[in-house]
Structure formats: structure tokens, C-alpha cells
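Asker: Need the 3D shape of this:
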Amino acid sequence: SPGYCWPFQGSQGQVLIRLPTPIQPMTITVQHTSKIASPLGSVSSAPRDFTVFVSHWWLGPTRGAEQDETLLGTFTYAVQKAPTQSFPLQVQIPRAFQFLKLVIQSNWGKPAYTCIYRVQVYGKIVGKKGIGQTHV
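Answerer: This is a model prediction of the structure:
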């Protein structure tokens, strides 16, 4: 619903998303409210430029968590288009991951905060029972 989003302070931020099952990601969808539906009549808090990474975590030699990230693409959410926009990932990785990192580099002009309404990840589930296409 308009006004009910995940806000974070400033025009830049990041979120690490743990998917319910490992998938081979193919597309990411980002949603924000439309200007007409916005309670303030503005979409300046919408994300603008963002990158998507997959993350792989493991225990390092000193028993601390270590992380390896792979860039899957750099995108721009266009407020002039539909509120829900899909972005095919620019790099395809032939293995499954359970962590996806979304990094917002800028928004559409709101200095105080940025809002994300919905993020969906589409890809192939890779597991013991076969491969299927789904979204999470």
C-alpha cells in the first residue's frame, strides 16, 4: 500500500536478502508506488541507480565469516515507467546462491530517505529434486 514501505536513511543504502532456498538468479523486480497513488504526490524517495550482487558466505581459516560477492548488474529504476519494473541480470552465474545484495546508489531526489516497496527475485531452483523456475 502507498506509504507502507521499507525506508532507510539517506539516498544510499544496501540490504542483504536471504532467499528461502538457493536459486540461480535471472531477473530482479523492484517496485515503488506511483506518483498518483503516493500519499505525498511525489516519488522522489524511489530508488534510482542500483546494483545487484550475489553473496557467498563461509567460515574462514580463523573461524570468522568471510564473504565473496559477484556483481550481476547495474540498473536504473525509471519513475516515468510502471511502478513495478523487471531487470534481467546482466551476468548469469551457473550455480545457485541463497544471498542477494541490493545496493542503492541514489534515489530520485529525496535527501532524507529512500523507500523500497517490494523486491522480487526470479530464477531457477537448483536442488536434489531437479531444476525449476520460480520467484521468491
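Asker: Show me the shaky parts of the chain.
Answerer: Scanning the chain for pLDDT under 70 picks out 1-3, 39-41, 57-60, 62-64, 127-136.
Asker: all helices for it, in order.
Answerer: With DSSP state H as the definition, the chain shows no helices.
Asker: For beta bridges, what are the partners of the residue nearest the centre of the chain?
Answerer: For the chain, the residue nearest the mean C-alpha position is residue 102 (4.1 Å; CA atoms, centre = their mean). Here residue 102 sits in beta bridges with residue 15, residue 52, going by DSSP bridges.
Asker: Go ahead and confirm it touches residue 50.
Answerer: Yes - between residue 102 and residue 50 there is a contact at 6.2 Å, judged by CB atoms under 8 Å. (Glycine included, C-beta is placed from N, CA and C.)
Asker: what sits in contact with each of those two?
Answerer: Here residue 102 and residue 50 have no joint contacts, going by CB atoms under 8 Å, 6 or more residues apart in numbering.
Asker: give me every residue that touches residue 25.
Answerer: Residues near residue 25 by CB under 8 Å, 6+ apart: 52, 54, 72, 89, 93, 97, 100, 121, 122, 123.
Asker: Now distance to residue 32 and neighbour count too, for those residues, in TSV please.
Answerer: Formatted as TSV, the contacts of residue 25 follow (distance: CB to CB, whole Å; neighbours: other CB atoms under 10 Å):
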residue	distance to residue 32	neighbour count
52	16	24
54	23	24
72	20	23
89	20	21
93	27	14
97	25	21
100	18	23
121	17	21
122	18	17
123	22	23
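Asker: the strands in this structure, which residues?
Answerer: Secondary structure of the chain (DSSP state E): strands at 6-9, 13-31, 49-59, 65-76, 84-88, 97-104, 113-116, 118-127, 130-135.
Asker: Give me whichever of these is most buried.
Answerer: Mean neighbour count (mean count of other CB atoms under 10 Å) peaks for strand 113-116 among the strands of the chain, with a mean of 21.
Asker: Neighbouring strands of it in the sheet, and parallel or not?
Answerer: According to DSSP bridges, strand 113-116 forms sheet pairs with strand 6-9 (antiparallel).
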